[in-house]
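S.K.: Mind folding the following:
(one chain, ligands or ions: 2)
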Amino acid sequence: MEPGPPGSSRPTEPGPCLSSQQGADQAASASLQSAAGAQPGRHSLAVAAVLPAGGCGERMGVPTPKQFCPILERPLISYTLQALERVYWIKDIVVAVTGENMEVMKSIIQKYQHKRISLVEAGVTRHRSIFNGLKALAEDQLNCKLSKPEIVIVHDAVRPFVEEDTLLKVVTAAKKHGAAGAIRPLVSTVISPSADGCLDHSLERARHRASEMPQAFLFDVIYEAYQQCSDYDLEFGTECLQLALKYCCTKAKLVEGSPDLWKVTYKRDLYAVESIIKEKISQEICVVTDIEEDNKYVSHLLEEVLKSELNHVKVTSEALCHAGRDLQQIILDQCYNFVCVNVMTSDFQETQKLLSMLEESNLSILYPVVVVSVHFLDFKLVPPSQKMESLMLIREFAKEVKKRNIWLCGLLISYPQDEQEH
Ligand SMILES: Nc1ccn([C@@H]2O[C@H](COP(=O)(O)OP(=O)(O)OP(=O)(O)O)[C@@H](O)[C@H]2O)c(=O)n1
Ligand SMILES: O=P(O)(O)OC[C@@H](O)[C@@H](O)[C@@H](O)CO
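M.R.: Ligands and ions are numbered 1, 2, ... in the order given. The predicted structure follows:
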């Protein structure tokens, strides 16, 4: 088994800029422990995850295996890892990748500062990849920092939209029933063809469900099932819940999942992922200015305008003169869009302060950060051409910060001051 990169195999911070999530996760952790019969602090429930990521993505129809296909210039698997890292009580995440993709995977872990990740060699089928992940958790191998969990989550690396509440539900159910899995209503009806390629019969759609991920198991149940598994099942099986039933007589509890649990399979799914991510990260905007009262007024106006454009938007305000303590929290809460209003200061002073804070926070490692630098011009005092000239510097700033995934643009608003005062 390949240990993860240095500093990656023991739970420290759950990834960049997420520490504010920790409080919420600790609350979830407490509810998990109590729901699962464990007592916080005394006997915590050890939970690990296995992510099969060793496929070639044949149905995607592109040379790059789909788990490594870029979404907003970041590999798909990184979003799934981030989703699991946000869950404080998952102590270890074991990812199964092919030998040829091991270095690519290590570079992704390094670049996006993923934590608690260990890598194992994938198998020639998904079941074999999962089995390899379980072996890594089961055996106290030399120099292995992994310990056997009580509960193991299995989740496809190409299902990036997994939320903590779904994970909590399947883990809690697995603790009680031995196995649990997320399900969704069928969209198409399932039919059974006859040998001559005609309809033999169809299944009543309302009485059937689609099996999705995440799934969770008592570790001993699923590990035993894989150890007993026939070669045929390892080769052609697609359902872990079935292995628990067939080899351990364990009937999985089925948990209704959210619509976002679908698996990225075809090229169109990449476009869907990108649209969903863009929508998620564009819903919150932070207005930053150097004057407190200006903040509220500008923020209110902006919120009213944006609400007519976006289905829901949250505009928060922060005056940088507070040394940004509230802004730090806004960044930690993962706001990715900033409007920096330069009213009183020299052209870029506020914007530069904000850019420095954003660069120090590493926020833009995970998603692009957008900063709109707003400048006002009283064209009766200053000829627009002169003001524009002084603002050209923004192009240099923009080139520099783009290297750190911060997208900076300028907005010049010119109006006669005296008219504005009426
Ligand atoms: N030998 C394999 C095959 C698949 N997987 C993983 O299992 C998950 C779900 O499988 P699937 O959607 O079938 O992925 P691929 O096999 O890559 O897709 P395809 O069938 O189109 O080739 C993916 O994260 C995939 O990387 C794996 O770990 N090992
Ligand atoms: O068969 P695939 O490898 O595409 O998908 C594997 C699993 O995601 C799929 O079987 C789910 O229905 C849950 O088990």
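
S.K.: Dump stretch 123-135 to CSV, restricted to CA.
M.R.: Output in CSV follows, covering the C-alpha atoms of stretch 123-135 (Å, rounded to 0.1, in the frame of the first residue of the first chain):
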residue,chain,number,x,y,z
GLY,A,123,-7.8,-3.6,-8.9
VAL,A,124,-8.9,-4.5,-12.4
THR,A,125,-12.5,-4.1,-11.4
ARG,A,126,-14.3,-1.7,-9.0
HIS,A,127,-14.9,-4.5,-6.5
ARG,A,128,-11.3,-5.4,-6.5
SER,A,129,-10.3,-1.8,-6.0
ILE,A,130,-12.7,-1.6,-3.0
PHE,A,131,-11.3,-4.8,-1.6
ASN,A,132,-7.8,-3.4,-1.8
GLY,A,133,-8.9,-0.4,0.1
LEU,A,134,-10.5,-2.6,2.8
LYS,A,135,-7.3,-4.7,3.1
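
S.K.: which outside residues touch it?
M.R.: The contact list for stretch 123-135 (CB atoms under 8 Å, 6 or more residues apart in numbering) reads 1, 50-55, 94-96, 120-122, 152, 154, 219, 222-223, 226, 229, 233-238, 240, 243. Using the backbone N, CA and C atoms, a C-beta is placed for each residue, glycine as well.

S.K.: Now which of those residues would you call buried?
M.R.: 1, 50-55, 94-96, 120-122, 152, 154, 219, 222-223, 226, 229, 233-234, 237, 240, 243 (16 or more other CB atoms under 10 Å).

S.K.: mind showing which ranges of the stretch 301-422 of the chain have poor pLDDT?
M.R.: 311-312, 319, 321-325, 344-347, 416-422 (pLDDT under 70).

S.K.: In it, mark out all the strands, start to finish.
M.R.: For the stretch 301-422 of the chain, the strands defined by DSSP state E, counting those that start in this stretch cover 314-319, 337-342, 369-377, 406-414.

S.K.: re earlier: now intersect the buried ones among the contacts of stretch 123-135 with the strands, please.
M.R.: Here DSSP state E is the test, and those give V50, L51, P52, V94, V95, A96, V120, E121, V152, V154 as lying in strands.

S.K.: can you tell me which two in those are farthest apart?
M.R.: Using CB to CB, these reach their maximum pairwise distance at E121 and V152, which is 18.0 Å.

S.K.: coming back round to it: redo the strands of the stretch 301-422 of the chain as TSV? Include distance to S202 and mean neighbour count.
M.R.: Output for those, formatted as TSV (distance: least, CB to CB, whole Å; neighbours: other CB atoms under 10 Å):
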stretch	distance to S202	mean neighbour count
strand 314-319	46	20
strand 337-342	48	23
strand 369-377	49	21
strand 406-414	50	16
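
S.K.: could I get those strands as CSV with distance to Q349?
M.R.: Shown next, in CSV, are the strands of the stretch 301-422 of the chain (distance: least, CB to CB, whole Å):
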stretch, distance to Q349
strand 314-319, 13
strand 337-342, 7
strand 369-377, 11
strand 406-414, 14
